[in-house]
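1. Predicted model and sequence below, questions to follow.
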Amino acid sequence: MKIEGFKYHGTNQAFYATYKDGAWDEGVMSDSIFFEISSVAVALQYGQSVFEGLKAYRTKNNDVLLFRPDANAKRLKGSCERLLIPPVPEELFIKAIKQVVDANRDLVPSYESKGSLYIRPFVIGTETVMGVRSANEFLFGVIATPVGSYFKDGFNPISLTTTPYDRAAPNGLGHVKTGANYAASLYPKHLAKQKGFDDCLYLDPKTHTKVDETGATNIIAITKDNQFVTPQSKSILPSITNQSLQMIAKKYLGMDVIHRDIPLHELKDFEEIGACGTAAVITPISRIHHEGEEFTFESYEKLHKLYDLLQGIQYGDVKDEFGWVIKV
Ligand code: PLP
Ligand code: COI
């Protein structure tokens, strides 16, 4: 069965562990995505919450593969530290992910459908606290659900518009996967969609002259002379997909990978522009609108090659020479 879109399509079981008296417990599986929480939990009132996103893929031989869960564990640790949350130990994180994938194995979409099981680990401050301070009690949860494409189905281009709003502050939380950044993105995305665009493109919050990222993806840009350029910015999320694509681009396509500022006006010089992330994989961008100016892109050749190689590794069709995939 083909799973349409990036939506919640149900789950069999979820995992929950709690932090109390200075330690994480070993956690339990549950058949519910609902739990009781204090109305005055720090996560609800003051946004002390961090999360991750990763996927499990079904291969041609019916195996189920996880892609770089160790990288998500490490990023979650960084997010926890920034929000004063006791980090989830990597062993507990990996154990929880494997248990959730195992319990939801029958929900991993077929190889042919090109869908995947999206796994959403999260950590929230659950203690009842009235003044602004960190909680001393936390919940680490992992849920999973089958998903299809985040934007359009298949390898189809999207359009973006820049926005006067920011998703993050210059020295804020942009590099951290926390609810606040996504809350900040809801209204600008709504406005972009109202104007007929698929999403908005955030500029660097300090000068509003450079490309940052979208609300759910990094941006990658390809030049005519085989360079893979991606913004160097303190306010974007360090994307595991982007980091993986950089290694693929160097190894398989002999590309030069360059981290640097991308001034908006330079967009016209790029051959191809893409949005990348776990949910979006690589989505080509055909058009970027900025205050009456239009940047358009017609070629997606290199992006397509990168997409095929990345998905090839994730679905077990291309030999994983990086040690990224784990069979569950
Ligand atoms: N940027 C933002 C704001 C995101 O939410 C995501 C999604 O996780 C990404 C980039 C891509 O990161 P990753 O490739 O690790 O999924
Ligand atoms: C992901 O790609 O995993 C994301 O978290 C992006 C978005 C769905 C929030």
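-> Cool, got the structure. Ligands and ions are numbered 1, 2, ... in the order given.
2. next structured bit after the helix ranked longest in the chain?
-> Taking DSSP state H as the criterion, the chain has its longest helix at helix 179-194. Using DSSP states H and E, the next helix or strand after helix 179-194 towards the C-terminus is strand 199-203.
3. for ligand 1, what are the nearby residues on this protein?
-> 53, 213, 215-218, 237, 239-242, 277-278 (CB under 6 Å from any ligand atom). Just so you know, the C-beta spots here come from the backbone N, C-alpha and C atoms, and that holds for glycine as well.
4. Output those in JSON lines, with neighbour count, distance to Glu91 and pLDDT appended to each entry.
-> As requested, those are exported to JSON lines (neighbours: other CB atoms under 10 Å; distance: CB to CB, whole Å; pLDDT from 0 to 100):
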{"residue": "Gly53", "neighbour count": "16", "distance to Glu91": "20", "pLDDT": "98"}
{"residue": "Glu213", "neighbour count": "26", "distance to Glu91": "31", "pLDDT": "98"}
{"residue": "Gly215", "neighbour count": "19", "distance to Glu91": "32", "pLDDT": "96"}
{"residue": "Ala216", "neighbour count": "21", "distance to Glu91": "29", "pLDDT": "97"}
{"residue": "Thr217", "neighbour count": "28", "distance to Glu91": "30", "pLDDT": "98"}
{"residue": "Asn218", "neighbour count": "24", "distance to Glu91": "28", "pLDDT": "98"}
{"residue": "Leu237", "neighbour count": "24", "distance to Glu91": "24", "pLDDT": "98"}
{"residue": "Ser239", "neighbour count": "23", "distance to Glu91": "24", "pLDDT": "98"}
{"residue": "Ile240", "neighbour count": "24", "distance to Glu91": "19", "pLDDT": "98"}
{"residue": "Thr241", "neighbour count": "23", "distance to Glu91": "24", "pLDDT": "98"}
{"residue": "Asn242", "neighbour count": "24", "distance to Glu91": "26", "pLDDT": "98"}
{"residue": "Gly277", "neighbour count": "21", "distance to Glu91": "26", "pLDDT": "97"}
{"residue": "Thr278", "neighbour count": "23", "distance to Glu91": "22", "pLDDT": "97"}
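5. and ligand 2, which of those contact it?
-> 53, 216, 277-278.
6. any idea how far the closest residue in space to Lys95 that isn't next to it in sequence lies from Ser39?
-> Excluding its sequence neighbours, the residue lying closest to Lys95 (CB to CB, 6 or more residues apart in numbering) is Gly27, at 7.8 Å. To Ser39, Gly27 is 24 Å away according to CB to CB, to the nearest Å.
7. out of these two, which sits in the busier spot?
-> Gly27 (19 against 7; other CB atoms under 10 Å).
8. residue boundaries of the helices in the stretch 151-300 of the chain?
-> For the stretch 151-300 of the chain, applying DSSP state H, counting those that start in this stretch gives helices covering 179-194, 240-253.
9. so of the ones you listed, which one's packed in deepest?
-> Across the helices of the stretch 151-300 of the chain, averaging neighbours per residue (mean count of other CB atoms under 10 Å) puts helix 240-253 on top, at a mean of 19.
10. okay, that one in CSV with CA atoms only?
-> Provided in CSV are the C-alpha atoms of helix 240-253 (Å, rounded to 0.1, in the frame of the first residue of the first chain):
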residue,chain,number,x,y,z
ILE,A,240,22.6,14.7,8.9
THR,A,241,21.2,14.4,5.3
ASN,A,242,23.3,17.3,4.2
GLN,A,243,26.5,15.9,5.9
SER,A,244,25.8,12.6,4.2
LEU,A,245,25.3,14.1,0.8
GLN,A,246,28.6,16.0,1.2
MET,A,247,30.4,12.7,1.7
ILE,A,248,28.5,11.1,-1.2
ALA,A,249,29.2,14.2,-3.5
LYS,A,250,33.0,14.0,-2.8
LYS,A,251,33.3,10.2,-3.1
TYR,A,252,31.0,9.4,-6.0
LEU,A,253,30.7,12.6,-8.0
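11. Show me what it is packed against.
-> Helix 240-253 is packed against helix 69-82, strand 218-222, strand 227-231, strand 256-260, strand 272-277, strand 281-290, helix 301-314, with contacts defined by 3 or more CB pairs under 8 Å, 6 or more residues apart in numbering; DSSP states H and E.
12. Make a markdown table out of the ones you listed and add distance to Asp21.
-> Shown next, in a markdown table, are the helices and strands packed on helix 240-253 (distance: least, CB to CB, whole Å):
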| stretch | distance to Asp21 |
| --- | --- |
| helix 69-82 | 18 |
| strand 218-222 | 39 |
| strand 227-231 | 42 |
| strand 256-260 | 43 |
| strand 272-277 | 37 |
| strand 281-290 | 42 |
| helix 301-314 | 40 |
